[in-house]
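Asks: predicted model, plus sequence, below.
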Amino acid sequence: MSTPAGTAAPQPTETEPDLLVDVRGLKVHFPIKKGIVFDRTVGHVYAVDGMDVQIRRGETYGLVGESGCGKSTFGRALLQLEPITAGEVHVDGIDLSSLKGEKLRTHRRHMQMVFQDPLGSLDPRQTVEQLLLEGMRAHGMATDAKAARKRLSELLTAVGLPTAALSKYPHEFSGGQRQRVGIARALSVDPQLIIADEPVSALDVSVQAQVINLLGDLQEEFGLTYLVIAHDLAVVRHISDRIGVMYLGSLVEEADAEDLYDTPLHPYTRALLSAVPVPDPTVEDTREQILLTGDLPSPANPPTGCRFHTRCPWRQETRCDEERPQLRVVEIDGVPPSHRVACHWAEQIASGELQPHTVDPVEDDEPYWSGTDEEADGTEAASRDLPGSSG
């Protein structure tokens, strides 16, 4: 039975046979401390603030949004690399938030990550052979030396590298080759889920397509499930089955890939897509252009109500400022129940009943956030990327 329009979509359970990842109400808050001798908590960075995501077996789920919105923190929290403040993370029917120590380590074999920086994520003192064997030995998968060597050769062949690469060090490869080594390392322990955090953003444009196509080929060969985190909308569209759009710690829209690009409903999604250049001058000159004013608010001091209302051209006073919208199915002809949006006025905006207006800059008590998701959790800083860019 289909979900009635205008109501919240049903929440699947971990018992559904095709559901691999089920995240419910995930929150990751980092304390802000002050003091030299006695630290005291004076606030929190709300990096992830209420995420509900379901990923089916064998599909690719793309997660997009501006830098600093919490994408990378969400991916790391799935692997329990960041402490979870609240919520549940079910992978293959098991609640990871309830696992500790050896039980968690054992289950981590089924989940691997491909990191954004291929050079920084590889130990420069280890050869490719040592890098690939490390995870296999940790999980008892390299007890037979001959079988392990055969497995390494198969992995390198799968990612398009020669067997001779086993004796080389990371600095001897190009950026694209290093990312292939990172992918091979993730595959070495035979995972079900791979979280690819900006897998091509650090690579030359000429190499990006090769790595994206490689991920697609490996998915078919090994039956993998992907969570692809990116800010490049073209990359996400090419590889994803479903896409979630994230803004300041939570989802604002979720839909099948083609449906999202054909019919974006949330004002933020429409703004992101309007920033992507189109090679046809006729289309480029006539299509909708939405320019967002201001910067991403600080995750340490998020706006009340709708998190996007400080930058939204369709903002309506009172309700947008005070009431936080829930991710819901909308009542719009031609929009399937799988398309959900967190906007009070999605129907009115789609019909043209509400027209965009000029947005006055809103002053925050806290300085705006200008870093990456990694900077939000206090690990490292990097420059902020523009929506829709590929750098």
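Replies: That came through, no problem. Residues are numbered from 1 along each chain as shown.

Asks: for the rest of this, base every contact and every neighbour count on C-alpha atoms.
Replies: Will do.

Asks: for the helix or strand hosting residue 24, which positions count as buried?
Replies: Taking DSSP states H and E as the definition, one finds residue 24 inside strand 19-34. Applying a neighbour-count criterion of 16 or more other C-alpha atoms under 10 Å, the buried positions in strand 19-34 are 19-24, 26-30.

Asks: just want the angle from whichever helix or strand comes after it to strand 19-34.
Replies: Past strand 19-34, heading to the C-terminal end, the next element that is a helix or strand (DSSP H and E) is strand 40-56. Relative orientation of strand 40-56 and strand 19-34, computed by axes from the mean of the first three to the mean of the last three C-alpha atoms, to 10 degrees: 170 degrees.

Asks: just the CA trace of strand 40-56, in PDB.
Replies: Below are the C-alpha coordinates for strand 40-56, written out as PDB (Å, rounded to 0.1, in the frame of the first residue of the first chain):
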ATOM      1  CA  ARG A  40      34.200  23.400  31.200                       C
ATOM      2  CA  THR A  41      31.800  22.800  28.400                       C
ATOM      3  CA  VAL A  42      30.400  26.100  27.100                       C
ATOM      4  CA  GLY A  43      28.500  24.800  24.100                       C
ATOM      5  CA  HIS A  44      28.400  22.200  21.400                       C
ATOM      6  CA  VAL A  45      29.100  21.800  17.700                       C
ATOM      7  CA  TYR A  46      26.000  20.200  16.200                       C
ATOM      8  CA  ALA A  47      27.800  18.400  13.400                       C
ATOM      9  CA  VAL A  48      25.000  15.900  12.800                       C
ATOM     10  CA  ASP A  49      21.700  16.700  14.300                       C
ATOM     11  CA  GLY A  50      19.000  14.100  13.600                       C
ATOM     12  CA  MET A  51      19.700  12.000  10.500                       C
ATOM     13  CA  ASP A  52      17.400   9.200   9.300                       C
ATOM     14  CA  VAL A  53      18.900   7.300   6.400                       C
ATOM     15  CA  GLN A  54      18.200   3.800   4.900                       C
ATOM     16  CA  ILE A  55      20.500   2.200   2.300                       C
ATOM     17  CA  ARG A  56      19.500  -1.000   0.500                       C
END
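
Asks: and the helix or strand just after that strand, average pLDDT?
Replies: Heading C-terminal from strand 40-56, the first helix or strand you meet, by DSSP H and E, is strand 60-64. Here the mean pLDDT over strand 60-64 is 97, rounded to a whole number.

Asks: right, and the helix or strand after strand 60-64?
Replies: The first helix or strand that comes after strand 60-64 along the chain, using DSSP H and E, is helix 71-78.

Asks: tell me the contacts of residue 129?
Replies: The neighbourhood of residue 129, defined by C-alpha atoms under 8 Å, 6 or more residues apart in numbering, consists of 152, 166-167.
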